[in-house]
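[1] Any chance you could fold what I've pasted below:
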Amino acid sequence: FQVKSENKKTIWSTEEVPEGSEFDDTWDPREKPEYEISFKQHVGTEDVFFGMTGKDPSTACCEDIVIKIKLPETKYSDITLDIQEKVLDLRTPKKKLLLHLPYPVNSKEGRARFLSEEEILEVTLRVSRKLDFINFS
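    Predicted coordinates:
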């Protein structure tokens, strides 16, 4: 979402507006749902027993972000989810969540599943950092 303006009276350029600000609606009366962010790594025996790949338990070595959002009294069909590189936007008739993500993600490789018995939406997003192709190959 970038608009090039020929107007010389603009007070900021589109590059100065943070990503996701078009979703920010402070006047929306819907409440913010409870959520939990966790990180996930893919490890094998070479990591666990031998430490060959140099991975450690820090978030810098994690490949995925897992976000669990509690949505009581919500049906799967009522959920609208939009994911961009640094923003997660979730909307239901009763709840709204605009979440700025801790790392940039690849929005095309994400997965979401709704656990109806627990009333939780689980979103798994692949982190895309600049040097991951070197660190995790």
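[2] Can you name the next helix or strand after the longest strand seen in the chain?
    Of all segments of type strand in the chain, defined using DSSP state E, the longest is strand 105-115. Using DSSP states H and E, the helix or strand that follows strand 105-115 in sequence is strand 120-127.
[3] Show me what counts as buried in that next one.
    Ile120, Leu121, Val123, Thr124, Leu125, Arg126, Val127 (16 or more other CB atoms under 10 Å). Where C-beta positions appear, they are placed from N, C-alpha and C, glycine not excepted.
[4] Might you calculate how far that strand sits from the centre of the chain?
    7 Å (CA atoms, centre = their mean, to the nearest Å).
[5] Sheet partners, orientation included, of it?
    strand 64-70 (antiparallel), strand 105-115 (antiparallel) (DSSP bridges).
[6] Need the mean per-residue confidence for the first one.
    Meaning strand 64-70. For strand 64-70, mean pLDDT is 95.
[7] Show me what counts as buried in whichever helix or strand comes after that strand.
    Sequence-wise, the next helix or strand beyond strand 64-70 is strand 80-83, with elements assigned using DSSP H and E. Of all the residues in strand 80-83, those buried under the rule 16+ other CB under 10 Å are Leu81, Ile83.
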